[in-house]
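Asker: okay, here's the prediction I keep looking at, along with the sequence it came from:
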Amino acid sequence: MKATTLTLLLLALLSTAALSQSGTYNSGNSDLDSDLSSIDVEASANFGAFRLEMGTTYNLSERRIDELHTSLRMRPGEIYFALELSRITTKPIDEVIRVYKANRTKGWGAIAKELGIKPGSKEFHALKERVKKHAGKGNKPPKGNGNGKGKKK
């Protein structure tokens, strides 16, 4: 029993390490890269829920999301980022994927720039903020323990 538990724990640790080292997003912003990696980890734990959320949010078929994931070998964070780039630039997802295929070795910063989002622009900051919120880092926990009486009027 202990050997099985230890083996499962070791496999889980190796999987997490492989995910975190499977490549950087090379967006030009370490916080953005970290948030996209967090999306990878969370979505990999339940890809079905991720697929459903992306399909519903971005009006894309689950089949198309599977195609991006399997045929193009896009990680969940990459799929999310591509869909956000499509939304922000108002370019069809097929255009974003065309640019992705041509520039994937240069990283997501180059892809965003090619699509018209310049580093430091308001569009880039909006993109970073949306990724941060999706990664679950955009919401700070409330202060206190919830048992206070609040402000007196």
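Answerer: Nice, thanks for sending it over.
Asker: helix or strand: which one has Ile39?
Answerer: helix 30-45 (DSSP states H and E).
Asker: and Thr56, by the same measure?
Answerer: Going by DSSP H and E, Thr56 is part of helix 47-58.
Asker: packing partners of that helix?
Answerer: For helix 47-58, the elements it packs on are helix 30-45, helix 62-70, helix 76-89, judged by 3 or more Cβ pairs under 8 Å, 6 or more residues apart in numbering; DSSP states H and E. Heads up, the C-betas are built off the backbone N, CA and C, glycines and all.
Asker: the residue sitting nearest the centre point of the chain - nearest residue in space that isn't next to it in sequence?
Answerer: With distances taken as Cα atoms, centre = their mean, Gly77 lies nearest the centre of the chain, 2.8 Å away. Leaving aside its chain neighbours, Gly77 sits nearest to Leu36 (3.6 Å; criterion: Cβ to Cβ, 6 or more residues apart in numbering).
Asker: return the distance of that neighbour relative to Ser27.
Answerer: From Leu36 over to Ser27 the distance is 7 Å, taken as Cβ to Cβ, to the nearest Å.
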